[in-house]
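A.B. asks: for reference, the sequence and a predicted model appear below.
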2 protein chains.
Amino acid sequence: MTYLLKNQRHPTAEMVYSALHPKFPTLSRSTVYQALDLFCEKGAAQKIVMGEGEMRFEADISIHGHFLCRKCSTIFNFFYPGDTELPAAPKDFHVEHRYLYYQGICPSCAT
Amino acid sequence: MTYLLKNQRHPTAEMVYSALHPKFPTLSRSTVYQALDLFCEKGAAQKIVMGEGEMRFEADISIHGHFLCRKCSTIFNFFYPGDTELPAAPKDFHVEHRYLYYQGICPSCAT
DNA sequence: TAAAAAATTGTAACCAATACAACAATTATT
DNA sequence: AATAATTGTTGTATTGGTTACAATTTTTTA
């Protein structure tokens, strides 16, 4: 069932449910929530919180940042060499996860 | 009323309400929510969303990142020279706001 | 095949946030 | 100063995403 996460880009739990429901009519929202949480715990996916609105999930767990278009609300991934590119946290802070998120206007909304 | 935002560091709306309520017994949650939103619109404060949990607000609008301790849930600010330090978004993306957020263990929880 | 364990379902509850109508306070207008 | 108009505040009801949980189904194990 994990394949759907890979098809959509940054779906909400509801989007996953809607997409899966036609194929598995008995599927319940509970299962979706629980499965998504499980994937995140196991490291197969990640939760991303973009400003307002619902939680989003994505199966791409490589290092990348997110760009949220203020107009169309689309989320784009953008890649950068690695976490060494990012500012260091103060000494004695043990960083486990880095999260980079931009907001603005995407190319197609700019015209 | 804005001075409370400056006293606490990254309060939730509820924290602002609780702190203000003793002094202004008639104060309502609605007013707090609305005032905080107003401050953010006017650029006097900013909303920050840290993983799970409620929205947080802060009055420091200088350029800095946030570090959330996984154990004690404290939010620390850390400063870096400027947004030029951060990876560039792809060409033709017009970035309006950059947001950097780390997660891990803070020095006092590390011991 | 039966018993045990694990997964799924659906409903109810939760809780932060918003909407909104009633009310109070402040400012503007003669 | 008095009235009207505007602005701000309050409290309650509602929303909407998420979680809790008991009941049921499915899968695994012996």
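C.D. replies: Ah, there it is. Keep in mind it's a predicted model, so treat the numbers as computed, not measured.

A.B. asks: which elements pack onto the lengthiest strand in chain A?
C.D. replies: Residue-count comparison of every strand in chain A, with assignments taken from DSSP state E, identifies strand A:94-105 as the longest. Counting by 3 or more C-beta pairs under 8 Å, 6 or more residues apart in numbering or on different chains; DSSP states H and E, the packing neighbours recorded for strand A:94-105 are strand A:64-69, strand B:94-105. For every residue, glycine as well, the C-beta is placed using N, CA and C.

A.B. asks: out of those, deepest packed?
C.D. replies: Scoring these by mean neighbour count under mean count of other C-beta atoms under 10 Å in any protein chain shown gives strand A:64-69 as the most buried, with a mean of 20.

A.B. asks: report the rounded mean pLDDT for stretch A:63-83.
C.D. replies: With pLDDT averaged residue by residue, stretch A:63-83 scores 93.

A.B. asks: CSV for the helices and strands packed on strand A:94-105, including distance to residue B:83?
C.D. replies: CSV is the format used below for the helices and strands packed on strand A:94-105 (distance: least, C-beta to C-beta, whole Å):
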stretch, distance to residue B:83
strand A:64-69, 13
strand B:94-105, 5
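
A.B. asks: which one, of those, ends up nearest to DNA strand D?
C.D. replies: strand A:64-69 (15.4 Å; C-beta to the nearest atom of the strand).

A.B. asks: pairing partners for the closest one, with directions?
C.D. replies: strand A:75-79 (antiparallel), strand A:94-105 (parallel) (DSSP bridges).

A.B. asks: could I have the last one exported to PDB, CA atoms only?
C.D. replies: Yep, that's strand A:94-105 we're talking about. Extracted C-alpha coordinates of strand A:94-105, given in PDB (Å, rounded to 0.1, in the frame of the first residue of the first chain):
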ATOM      1  CA  HIS A  94      22.900  17.800  19.100                       C
ATOM      2  CA  VAL A  95      21.100  18.200  15.900                       C
ATOM      3  CA  GLU A  96      19.100  15.100  14.700                       C
ATOM      4  CA  HIS A  97      17.000  16.600  12.000                       C
ATOM      5  CA  ARG A  98      17.200  19.700   9.800                       C
ATOM      6  CA  TYR A  99      14.300  21.200   8.100                       C
ATOM      7  CA  LEU A 100      14.400  24.000   5.500                       C
ATOM      8  CA  TYR A 101      11.400  25.600   4.100                       C
ATOM      9  CA  TYR A 102      10.900  28.500   1.800                       C
ATOM     10  CA  GLN A 103       7.800  30.400   0.900                       C
ATOM     11  CA  GLY A 104       7.000  32.600  -2.100                       C
ATOM     12  CA  ILE A 105       5.800  32.500  -5.600                       C
END
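
A.B. asks: quick one: distance of it to the chain centre.
C.D. replies: If you compare the mean C-alpha spot of strand A:94-105 with that of the full chain, they lie 12 Å apart, counting by C-alpha atoms, centre = their mean, to the nearest Å.
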